[in-house]
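Sequence first, predicted coordinates after that:
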Amino acid sequence: MRTLVKLVVITSVVMGLSLLLVLAGVSFYPSSRVRWLALAYLNTTYNPYLPNFTVWSPESVTAIVWDYRGLDTLYETTVFFLAIISGLALGRGVKRLNLKPGGDMGLSLIVKTVTRITGPMILAVAASIGLHGHLTPGGGFQGGATAAVVPVLYIVIFSVFYLSWKGVSTGRMLTMRSIGLIGIGATSIAVFTAGLLEGAPAYVFQNIAKATSPVSMPYYIHGALTSGTLWWFNLFEFLAVSAGFALAFIILMTPEADKNG
Amino acid sequence: MGLDLLVYGLGALASLLSVIAVYLALEERDLVKAVIYSAVQSVFYSLLFYLFMAPDIVLVYLPVAGGVLPALLLVLISKTERFERE
Amino acid sequence: MVELLEDYLFTIVFVSMFINLGLSLFGLFYKPHYTKKLIMLGILGDTLNVFAVFVGYRAWPSPSTPSRPPILLTYPFENTSVLVEFTSRAVDPLPQALVLTAVVIGLAVMVFLIFLGDNLYKHYGTLDMREIKRLRG
């Protein structure tokens, strides 16, 4: 009863304060024009009439994240990598159990059967979100975070030893994560290396041909639109993020071996 | 007249309910219930992001703050203490 | 009258975000348990991201045409009228890209703090910060 009174007080404080602000004329209402920088981004994100300035991707948020400000995203991937490595370092030196997955571990049979059906469906939806990031809302990190839900489900419903019996172990997840990060690094200097081999000027993190360098990544492959380096970045980021989350969950949820048993 | 009032009205309702969820998460002693209240608040924030025309952020926010982080916090609670003392 | 109602509804969202900010800061400073502090830190970061998306929002050009997310839907187009209509209605895409990075970094900090909390419990036997301050190793 007292909690209900407190909630009503807070709600009426919010509504009354906003009424006061509106009647005094100092409220904040958005304007109907955007800034010049936003107009520049929106005009050049897919523009066949300006072939030296465009990104060839109809999704402007992904174009900003991986092409216009790609260096920021590289550093964000490094920060995430450091968090996973610190988790590994803090859990080092602890002896962990290694049992065989028995038939009575985990939840009931109905739940296990439903999870066997919906688990691959979640993975398919996550891959679709991740790989279509240059055409629809989505991208590498969104797909990776959705695919990270699947190890949690399997650990809770079956058991954590079932995962390592199926082959999803710490070493393999670390390998997959390293492959993703090496892929991101290789894609970022791909156009630069091609320019070095051909003798034309090119830049690191370059995607499409600019006014000063004629080297470009192909953006239409057999009639399908893949916006240059954006598709490759999305693929490798999807691999790296989903493997990193699976690693953190396995380390956190494995029970430790007590000295007294 | 109808459509933009509907959108803004839904946004105002979602933000008021999120204030209620944050207050309940603050005052709760049982930490499992506090994590559930914070997941409810994340769902209301996702609705607010959708109504403000940002679909990329909805797709990041729903798995991260509504799925992975409450799962990690529940694992931490099960390994340490569950109830908060005075 | 209708503009006043729209203004009022938008200001409710704005003021309630400030109230959320104040409540989460209070919880971060004054609640002594480590996990409660972690929950409040997550809410604080998310509220700041909502503010960033507000900065990029654009009002509707007329009450029957909504503003749209910054994604082009008809891509092989013939004349530039599609592009002109797109840039007159679309929302600013730059704050959304910055919020994407901010969410990932907040998640990385929370994952690290969860691993650290596990280690704290193994060393001190409790997660109450007043007890830890008293024991101090």
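Nice, thanks for sending it over. Residues are numbered from 1 along each chain as shown, chains lettered A, B, ... in the order given.

Please make it C-alpha for all contacts and neighbour counts, starting now.
Fine.

and stretch B:20-30, anywhere near chain A?
Yes: counting by CA under 8 Å from any CA of the partner chain, chain A is contacted by stretch B:20-30 at B:20, B:23.

what residues are up against residue 17?
No chain was given, so I picked chain A. Counting by CA atoms under 8 Å, 6 or more residues apart in numbering or on different chains, residue A:17 touches residue C:15.

Hmm, no, I was thinking of chain C.
Taking CA under 8 Å, 6+ apart as the test, what residue C:17 contacts is B:15, B:19, C:47, C:50, C:51.

right, and the pair among the residues you listed with maximum separation?
With CA to CA as the measure, no two of the contacts of residue C:17 lie farther apart than B:19 and C:51, at 15.0 Å.

Quick check: the residue of the stretch 101-250 of chain A nearest chain C.
residue A:136 (7.4 Å; CA to the nearest CA).

Which pLDDT does the model give that residue?
In this model, residue A:136 is scored at 90, pLDDT.

so when I look at it, I'm seeing a strand, right?
No: looking at residue A:136 with DSSP: H, G, I helix; E, B strand; the rest coil, it is coil, so not inside a strand.

Burial check on it, number of neighbours?
For residue A:136, the neighbour count with other CA atoms under 10 Å in any protein chain shown is 20.

before we move on, the earlier item: so which of the contacts of residue C:17 are also by chain A?
Answer for the contacts of residue C:17 near chain A (CA under 8 Å from any CA): residue B:19.

Name the nearest of the contacts of residue C:17 relative to residue C:31.
Nearest member of the contacts of residue C:17 to residue C:31, counting by CA to CA, is residue B:19, at 18.3 Å.

ok, which residues in chain C are in contact with chain A?
C:4, C:7-8, C:10-12, C:15-16, C:19, C:56-61, C:70-73, C:75, C:83, C:87, C:91-94, C:96-97, C:101, C:104-105, C:108-109, C:111-112, C:115-116, C:119.

mind listing which of those are in strands?
Nothing among those maps onto strands, per DSSP state E.

could you flag which of the residues you listed are buried?
C:7-8, C:10-12, C:15-16, C:19, C:56-60, C:70-72, C:75, C:83, C:87, C:91-94, C:96-97, C:101, C:104-105, C:108-109, C:111-112, C:115-116 (16 or more other CA atoms under 10 Å in any protein chain shown).

I figured residue B:40 hits residue B:22, correct?
No: the criterion here is CA atoms under 8 Å, and residue B:40 misses it with residue B:22 at 9.1 Å.

what about those two, which has more around it?
Higher neighbour count among residue B:40 and residue B:22: residue B:22, with 26 against 19, using other CA under 10 Å.

List the residues that contact the more buried one.
Residue B:22 neighbours (CA under 8 Å, 6+ apart): B:37, B:38, B:41, C:20, C:23, C:24.

residue contacts, the residue lying farthest from the centre of chain C?
What lies farthest from the middle of chain C is residue C:78; by CA atoms, centre = their mean that is 38.6 Å. Shown in contact with residue C:78 (CA under 8 Å, 6+ apart): no residues.

Check residue A:219 too.
A:56, A:225, A:226, A:227, A:228.

Not counting its neighbours along the chain, what's nearest the second one?
This means residue A:225. residue A:219 (6.1 Å; CA to CA, 6 or more residues apart in numbering or on different chains).

Do you know the pLDDT at the one you found?
82.

so what's the backbone phi/psi at it?
Residue A:219 adopts backbone torsions of phi -110, psi -10, taken as degrees, to the nearest 10.

any idea how far it is from residue A:230?
9 Å (CA to CA, to the nearest Å).

With residue B:60 instead?
18 Å.

Have a look at these two and say which one is more surrounded.
The residue with more neighbours, out of residue B:60 and residue A:230, is residue A:230; 27 against 24, by other CA under 10 Å.

Poorly predicted segments of the chain, please.
Unless you meant another one, I'm taking chain A. A:258-261 (pLDDT under 70).

my bad, chain B
Those would be B:1, if you go by pLDDT under 70 across chain B.

what's the answer for chain C, then?
Residues of chain C that meet the cut-off, pLDDT under 70, sit at C:137.

Could you pull up phi and psi at the closest residue to residue A:212 other than its chain neighbours?
Nearest-residue entry for residue A:212: residue A:201, 7.5 Å, with adjacent residues in sequence omitted and distances by CA to CA, 6+ apart. The phi/psi pair for residue A:201 (degrees, to the nearest 10) reads phi -70, psi 140.

so what's the closest residue to residue A:200 other than its chain neighbours up against?
In space, and not counting its chain neighbours, residue A:200 is closest to residue A:213: 6.8 Å by CA to CA, 6+ apart. Residues in contact with residue A:213 (CA under 8 Å, 6+ apart) are A:200, A:201, A:202.

Of those residues - the most surrounded one?
Neighbour max across the contacts of residue A:213 (other CA under 10 Å) = residue A:202, 24 neighbours.

Tell me the secondary structure at that residue.
Assignment for residue A:202 (three-state DSSP): coil.

Would you confirm that it contacts residue A:190?
No: shown here, residue A:202 and residue A:190 do not form a contact pair, counting by CA under 8 Å, at 10.0 Å.

what ranges do the helices span in chain B?
B:2-27, B:31-51, B:55-63, B:69-79 (DSSP state H).

Then the stretch 1-150 of chain A?
A:2-24, A:36-44, A:60-63, A:70-90, A:109-131, A:140-147, A:149-157 (DSSP state H, counting those that start in this stretch).

Show me which residues of the stretch 51-200 of chain A are close to chain C?
So far as CA under 8 Å from any CA goes, the stretch 51-200 of chain A lies against chain C at A:58-62, A:64-65, A:73, A:76, A:79-80, A:83-84, A:86-87, A:90, A:136-137.

What remains of these if I keep only buried residues?
Among those, the ones that count as buried (16+ other CA under 10 Å) are A:58-62, A:64-65, A:73, A:76, A:79-80, A:83-84, A:86-87, A:136-137.

Now for chain A: which helix has the highest residue count?
Per DSSP H, chain A has its longest helix at helix A:229-253.

what separates that helix from the chain centre, distance-wise?
7 Å (CA atoms, centre = their mean, to the nearest Å).

which of the residues in it are buried?
Here helix A:229-253 shows A:229-253 as buried, counting by 16+ other CA under 10 Å.

how much space between residue A:212 and residue A:237?
For residue A:212, the distance to residue A:237 - CA to CA - is 29 Å.

Return the residue spatially closest to residue C:34, with its sequence-adjacent residues excluded.
The nearest residue in space to residue C:34 (CA to CA, 6+ apart) is residue C:127, at 5.8 Å.

Surely that neighbour touches residue C:116?
No: Residue C:127 is not in contact with residue C:116 according to CA under 8 Å; the separation is 11.1 Å.

For residue A:151, list the residues it contacts.
A:246, A:249.
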